[in-house]
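Visitor: Following is a predicted model, sequence given first.
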Protein chains: 2
Amino acid sequence: MAEKILSAQDYFAIAEENKPQLETNVINEPKIVQLEADPAAFCGYRMIASRSTLKDLPKHDFNKGDKIIFDFGNHYVGHFGLDLVDHGNPMDSPLFLHFKFAEIPAELGFDNSKYEGMISSSWIQEEYLHIDQLPCKLELPRRYSFRYVEVEVMDTSSQWSVRLSNPHLKTQSAVSTQKVQTVPTDDKLLQKLDEVSVKTLRDCMQDVFEDGPKRDQRLWLGDLRLEALANNVTFKDYSLTKRCLYLFAGSITEDDRIPADVFTNGRIVPDTIFFFDYSLFFISVLNNYFHETADWQALDDLYPIAKRAINKALTFVNPQKILVAPDDWRVFVDWSQVIDKNTAGQAILIYALKQFIELAKIKSDPDLSGYERQADELSASAVKYLFDPQQQLFISGPKQEVNIASQVWMVLAHVLNDKDNEALMSVALKELFPIKGIVTPYMYHHIVQALFEANHAQEAIDLLKSYWGKMIELGADTFWEAFDPNDLEFSPYGSPIINSYCHAWSCTPTYLLHKYVLSEK
Amino acid sequence: MAEKILSAQDYFAIAEENKPQLETNVINEPKIVQLEADPAAFCGYRMIASRSTLKDLPKHDFNKGDKIIFDFGNHYVGHFGLDLVDHGNPMDSPLFLHFKFAEIPAELGFDNSKYEGMISSSWIQEEYLHIDQLPCKLELPRRYSFRYVEVEVMDTSSQWSVRLSNPHLKTQSAVSTQKVQTVPTDDKLLQKLDEVSVKTLRDCMQDVFEDGPKRDQRLWLGDLRLEALANNVTFKDYSLTKRCLYLFAGSITEDDRIPADVFTNGRIVPDTIFFFDYSLFFISVLNNYFHETADWQALDDLYPIAKRAINKALTFVNPQKILVAPDDWRVFVDWSQVIDKNTAGQAILIYALKQFIELAKIKSDPDLSGYERQADELSASAVKYLFDPQQQLFISGPKQEVNIASQVWMVLAHVLNDKDNEALMSVALKELFPIKGIVTPYMYHHIVQALFEANHAQEAIDLLKSYWGKMIELGADTFWEAFDPNDLEFSPYGSPIINSYCHAWSCTPTYLLHKYVLSEK
């Protein structure tokens, strides 16, 4: 049967057909709080209750330099508004306001003008605004990701004050939490991990599966893969997954690499960033999507893209059947810059190739046997060249480095049999725990999943509880982009205020609990 | 004939009927200039030509910290826009921009965050703006008063630049300059004074006669009086004068004082500021308006207000027929805080009363003779108690101060006969010139007019040329709110950057030239 070949425009058109109608909800009556410096608090600040109440707010006069902080009680994504009225003598000048939006208290403790991180300061959620006419029902036009809003009156005049009332936010998401089935467990912490995961995922589910609604607000393949898994056990919004698959399908390059991310803000623009492993994860997302939906039309449309992606990746396998990823197409694995990623890359190739083979079988691809042979060869070479029998661990790179990523991805790729996987992770637990140098929930997810897959459920749950649980202990309403339990203020960008504190790739505890804990009962 | 009594709402409704349709015009192709500190330049800064051209602009990459200044070649009031497009790798962050709008170069040399003047910093014309999607045809929503625009790129990201093109401004005014007849003179400086006056007036003629389109954007009675005079000889937009008269008529207090100004931005709100002389100037504007238009309906509507205003003012005349203005209703005369204003106040009362009498005659007011008697008494007392025969000048206040304002207003009120007026100004020219301590074109207008009225035309023209001409020499595109030739950086508000450099009450050279120079030919 001849496949119909779709153009990029065709893929994007189908993506647009699956664009979600965003659900909105108004949250009223935030608490009024005060920021307090506290060296013991996460990043040095915490919120304390204010003596001011929302009831008294409309009678309070704000003048030059006055500030107030509203706490909406949880993390949300949406639009902020409030009512403003002048009081005193007639308003003889514009009103000049400064707004700061924060996911965590510390963002309000920082002087934004001092920011010197690597990522653009334009992501800092703040606005300066002149208002020429009062009274005014202000609805700020931009979307923010926040729990706290600081309103600072830059100036009124000596003649009049401004009074505030009705602070509110209009949340938005592609999905509603109402239909979500929680993990049936009596363990309060596991319940909380589930709940916060779902909140994190929901706040990232917008026009696409975003990585972080504060920053970068962008569709990344690595994040999409984990979000889609969590979506399967929660919102089951498969059309959003479908939309994102088609966006990536239309973004494949002429030389068959799928970009790490696609910009969808206004225009659809495939990024020029390419990660070897992310390109392969297109296959993983498609395999997962088809198993959930049996959407044959999508499989027909997208399988050719998956095949181009796997074929491209396989061109970097050397005669010893070892992946040698090119310098300009590196394997991401984690933000860590210190670990060697060669062996993890080999494992991810096998992992994706096996998922591709599942699809090739379904599609009755005449090339199937060739892929199966290559999977066997890659696995055999992995054991032959990358497994160190003496250490009983996989090694990676020219310095024969032993790191957690290699073990974890080899387990997930099921290169060894189940018994050997269990043994491998037993050694890893002994030699490589407690984990050091891993700074993202993204990699922690894979470690936990590898423990579950290798029959170390208790250690998996312990790690879930200690890593994600630590974020909750530190006040997380949603899970974070980066978190190093050994360096609480770690930022991949040189400043914790630019970190995203609601980040898609951290939302997987709900998936892991549904898949491994619930299914074991 | 019984007068129909109108309510405030009735007056405001008629004012709204006379609301102008604003004329707009697009100004394209500003020059690109650079700011240069120059101690010899007005307020320390001047613009110099840039090597960059508008033609090359669309190919220029702007990154974090880059700035550009556009010079529209003249002063305008309106909305600024420009086209923005990203260049380089995909736009992976918002664009963060800072705009500064300036009437004079020095406004761009000032660090706005250091402003500590008395007037609200919210008047400083600047905006911070995040733009989430490019390309973008940006049209800033607020109106500014400016010749120069500085665009500063606060941030893009390391991945992309922003490129600018099509900087433009959409001017707005109630009137078009096309129909204006210029003063027929070969004197280049007088031609220039006329031209700049007309530009100043036009830029102040908006929804009402504003005092200054940069700041306060408000209808003041003192400014209105002079604007209406200049309007008579230029745009002849009498419906705008009518609108403003009705706005003040509807704003009269229950105790018969007309506020110094009315806010018309969104809501009509009479201010709580009252000046004794400004309240009387309602009569002056009405008298002037009726003489220009013979609008009997307006006279019928507004005469009762004028009568209430004069009656109220006359209650502050003591048994010696000397005005004793109350402490809470002071006579403004000028921003100067050092001159005594008692005698000027007496003169202004006589000046306004005489204009009221003209209207009372037209209206055949049965109370006419009483007003005529009071005018005579006030004049007689002025000569008796306030004129010092030894100095041949009017004195003012308990310290018998001799100042220019007293002489000028007594001349304008024609308390003395023409010969004595001429003699008075001869003495004044000898004793009180060169002028010191007068800081506004508003008071300079009255000095020049008094010289004309007292048969000192040459000295009047000399003063016109030296005072307003000095502003032109310093680079004025429009005339200024405050100007002390002896202290170029003088500001009534503690900072020259908050001064208005296009201010209604400075627009009268065109009126003075039309009335006194043209009519003499």
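Guide: Great, that's in hand. Residues are numbered from 1 along each chain as shown, chains lettered A, B, ... in the order given.
Visitor: Quick one: the helices in chain A, in order.
Guide: A:8-17, A:106-109, A:188-204, A:221-232, A:238-249, A:276-293, A:296-314, A:342-362, A:368-381, A:404-412, A:418-432, A:441-453, A:457-473, A:509-512 (DSSP state H).
Visitor: between these, which gets nearest to chain B?
Guide: helix A:238-249 (13.6 Å; CB to the nearest CB). Glycine gets a C-beta too; all of them are placed from N, C-alpha and C.
Visitor: about what we covered before: any chance of CSV for the helices of chain A, columns distance to chain B, mean pLDDT and mean neighbour count?
Guide: Shown next, in CSV, are the helices of chain A (distance: least, CB to the nearest CB, whole Å; pLDDT from 0 to 100; neighbours: other CB atoms under 10 Å in any protein chain shown):
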stretch, distance to chain B, mean pLDDT, mean neighbour count
helix A:8-17, 15, 98, 16
helix A:106-109, 16, 97, 22
helix A:188-204, 17, 97, 23
helix A:221-232, 15, 98, 26
helix A:238-249, 14, 98, 24
helix A:276-293, 16, 98, 23
helix A:296-314, 20, 98, 19
helix A:342-362, 25, 98, 24
helix A:368-381, 33, 98, 16
helix A:404-412, 26, 98, 28
helix A:418-432, 34, 98, 17
helix A:441-453, 19, 98, 24
helix A:457-473, 25, 98, 18
helix A:509-512, 28, 97, 26
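Visitor: Columns distance to B:D301 on top of those helices, output as a markdown table?
Guide: Listed next are the helices of chain A as a markdown table, based on distance: least, CB to CB, whole Å:
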| stretch | distance to B:D301 |
| --- | --- |
| helix A:8-17 | 61 |
| helix A:106-109 | 56 |
| helix A:188-204 | 61 |
| helix A:221-232 | 70 |
| helix A:238-249 | 65 |
| helix A:276-293 | 76 |
| helix A:296-314 | 75 |
| helix A:342-362 | 85 |
| helix A:368-381 | 92 |
| helix A:404-412 | 86 |
| helix A:418-432 | 91 |
| helix A:441-453 | 74 |
| helix A:457-473 | 72 |
| helix A:509-512 | 73 |
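Visitor: Any idea which of those helices gets closest to B:V26?
Guide: helix A:8-17 (35.4 Å; CB to CB).
Visitor: Show me which residues of the stretch 51-200 of chain A sit near chain B.
Guide: A:64, A:89-96, A:118-123, A:127-128, A:130, A:132-134, A:142, A:154-158 (CB under 8 Å from any CB of the partner chain).
Visitor: Please spell out the ChimeraX selection for the buried subset of those.
Guide: Of these, the buried ones can be selected in ChimeraX as follows, counting by 16 or more other CB atoms under 10 Å in any protein chain shown:
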select /A:64,90,91,92,93,94,95,96,119,120,121,122,123,127,128,130,132,134,154,155,156,157
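Visitor: And for the residue lying closest to A:I124 once chain neighbours are set aside, the neighbour number?
Guide: Of all residues not flanking A:I124 in the chain, A:N112 sits nearest, at 5.0 Å (CB to CB, 6 or more residues apart in numbering or on different chains). Number of residues near A:N112 (other CB atoms under 10 Å in any protein chain shown) recorded here: 14.
Visitor: Contacts only, for A:N112.
Guide: Each residue near A:N112 by CB atoms under 8 Å, 6 or more residues apart in numbering or on different chains is listed here: A:100, A:121, A:124, A:126, A:497.
Visitor: Would you indicate which residues of stretch A:178-189 are buried?
Guide: A:180, A:183.
Visitor: Quick one: neighbours of whatever residue of the stretch 201-350 of chain A ends up closest to chain B, just the number.
Guide: The minimum distance from the stretch 201-350 of chain A to chain B, using CB to the nearest CB, falls at A:G266 (3.8 Å). A:G266 is flanked by 12 other residues according to other CB under 10 Å.
Visitor: Is it correct that it is in contact with B:I131?
Guide: No: in this structure A:G266 lies outside contact range of B:I131 using CB atoms under 8 Å: 10.5 Å.
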